[in-house]
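[1] For reference, the sequence and a predicted model appear below.
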Amino acid sequence: MSREPSRIDLLELDIDLRLSDLWREAADVTDWNLDVVAAFIRAAYGKGYCDALTEESPGMLCQEHGYRIPDGRLPERRSVASLERQRDAA
């Protein structure tokens with residue numbers, strides 16, 4: 001029985017295609033250990049970051065797959081000292 005791929009299936013396929021070079025390298029690894037896994041995670045993260053920076057329009061991957069485009073602004077990061085001063089003032 002054939003079924004239509006879900007939205008997540010199509011997104012996973014798109015991401016796998018973008019990571020095809022890493023998948024090929026992973027197939028050649030015979031000695032998996034924490035260092036190798038960490039290197040692949042960093043490489044995949046970096047690839048995604050670079051892909052996002054070079055998209056024709058920001059959020060294109062989300063839009064193509066029917067997902068909401070996230071707000072690009074990150075919440076303000078506060079230092080530990082700033083949080084401690086805020087706590088002490090309360």
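    That came in fine, so what should we check first?
[2] so what does the longest helix seen in the chain touch, helix or strand wise?
    If you go by DSSP state H, the chain has its longest helix at helix 34-54. Packing contacts for helix 34-54, counted by 3 or more C-beta pairs under 8 Å, 6 or more residues apart in numbering; DSSP states H and E, involve helix 7-18, helix 20-28. Where C-beta positions appear, they are placed from N, C-alpha and C, glycine not excepted.
[3] CA atoms only for that helix, dumped as CSV, please.
    C-alpha atoms of helix 34-54 as CSV (Å, rounded to 0.1, in the frame of the first residue of the first chain):
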residue,chain,number,x,y,z
LEU,A,34,32.6,10.2,20.4
ASP,A,35,35.2,12.3,18.6
VAL,A,36,34.0,11.2,15.1
VAL,A,37,30.3,11.7,16.0
ALA,A,38,31.1,15.1,17.4
ALA,A,39,33.0,16.1,14.2
PHE,A,40,30.0,15.0,12.0
ILE,A,41,27.6,17.0,14.2
ARG,A,42,29.8,20.1,13.9
ALA,A,43,30.1,19.6,10.2
ALA,A,44,26.3,19.2,9.8
TYR,A,45,25.6,22.3,11.9
GLY,A,46,28.2,24.3,9.9
LYS,A,47,26.7,23.2,6.6
GLY,A,48,23.2,24.2,7.7
TYR,A,49,24.5,27.5,8.9
CYS,A,50,26.2,28.2,5.6
ASP,A,51,23.1,27.0,3.6
ALA,A,52,20.9,29.4,5.6
LEU,A,53,23.3,32.3,4.9
THR,A,54,23.3,31.6,1.2
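[4] so what secondary structure elements neighbour the following helix or strand past it?
    Per DSSP states H and E, helix 34-54 leads on to helix 60-64 as the next helix or strand towards the C-terminus. In terms of contacts (3+ C-beta pairs under 8 Å, 6+ apart), helix 60-64 is packed against helix 7-18.
[5] Let's test this: mean pLDDT of the helix it packs on, rounded?
    Regarding helix 7-18, the rounded mean pLDDT is 94.
[6] what's the angle between that helix and helix 34-54?
    Angle between the axes of helix 7-18 and helix 34-54 is 100 degrees (criterion: axes from the mean of the first three to the mean of the last three C-alpha atoms, to 10 degrees).
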